[in-house]
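Engineer: okay, predicted coordinates and the sequence, questions at the end:
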Amino acid sequence: MRLLVVAVGQRQPAWAQTAYAEFEKRFPPELRLELHAVKAETRGHKTAEQLMAAEAARLEAALPRGVRRVVLDEHGTRLTTLQLADRMKAWMRDGRDVALLIGGPDGLAAPLKASADETLRLSELTLPHAFVRVLLAEALYRAWTVMVNHPYHRE
């Protein structure tokens, strides 16, 4: 199974790319973590709705057919690490790849949110996009370590 982080924004600070890559390489071959970054829409004089619609089209194009869609949104379900580990077990039983969608500065278009199989939140705080990728990668890695009884996570 693959965990696909599908995110708006191709240019990230070097520290974020390095941190994300560190967690990405820790995953086992049977549960790969992959980043699929799509171009952010040029701001100009467009409305937020126009920007989100253009970015949603790019996100949709990056999604493999039949993938489980998990939208990251501030109004999503809040999970603990142990609950995320349980969700990952369920995803693995389902057998489909999982795409975790991260929107651009304006968020995700409503139709894209509505197409989600589930919606999760990472934090009550507003986070910089580069940090969201790192935080998500670490949270997924931590959840996997719980699943396999690796000592990385301690309660």
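Structural biologist: Sure, I can see it. Keep in mind it's a predicted model, so treat the numbers as computed, not measured.
Engineer: once you drop chain neighbours, what's closest to A116?
Structural biologist: V71 (4.0 Å; C-beta to C-beta, 6 or more residues apart in numbering). In short, each C-beta sits where N, CA and C put it, glycine included.
Engineer: doesn't the one you found belong to a strand?
Structural biologist: Yes - the assignment for V71 by DSSP: H, G, I helix; E, B strand; the rest coil puts it in a strand.
Engineer: could you look up the SS state of the residue positioned nearest the centre of the chain?
Structural biologist: With distances taken as C-alpha atoms, centre = their mean, the residue of the chain nearest its centroid is L100 (3.3 Å). In three-state terms, and counting by three-state DSSP, L100 is strand.
Engineer: list the contacts of it.
Structural biologist: L3, L4, V5, V6, V70, L72, L120, L136, L140 (C-beta atoms under 8 Å, 6 or more residues apart in numbering).
Engineer: touching, the third one and L135? I think so.
Structural biologist: No - using C-beta atoms under 8 Å as the test, V5 is too far from L135 to be in contact (11.0 Å).
Engineer: okay, these two: which has more neighbours?
Structural biologist: Neighbour tally, V5 and L135, criterion other C-beta atoms under 10 Å: the higher count belongs to V5, 22 against 18.
Engineer: that one belongs to a strand?
Structural biologist: Yes - under three-state DSSP, V5 sits within a strand.
Engineer: so which bits of the strand or helix carrying T18 are buried?
Structural biologist: Using DSSP states H and E, T18 falls within helix 14-26. Within helix 14-26, the residues that count as buried by 16 or more other C-beta atoms under 10 Å are A16, A19, Y20, F23, E24, R26.
Engineer: return the set of residues that bridge with E118.
Structural biologist: Taking DSSP bridges as the rule, E118 bridges to V70.
Engineer: and the pLDDT at it?
Structural biologist: Predicted confidence (pLDDT) for E118: 96.
Engineer: then the one 5 residues further on?
Structural biologist: At S123 the predicted local distance difference test score is 89.
Engineer: just give me the neighbour total for it.
Structural biologist: 12.
Engineer: in which helix or strand would I find the closest residue to it other than its chain neighbours?
Structural biologist: Nearest residue to S123 in three dimensions, chain neighbours excluded: L135, at 7.4 Å (C-beta to C-beta, 6+ apart). Secondary structure from DSSP H and E places L135 in helix 129-147.
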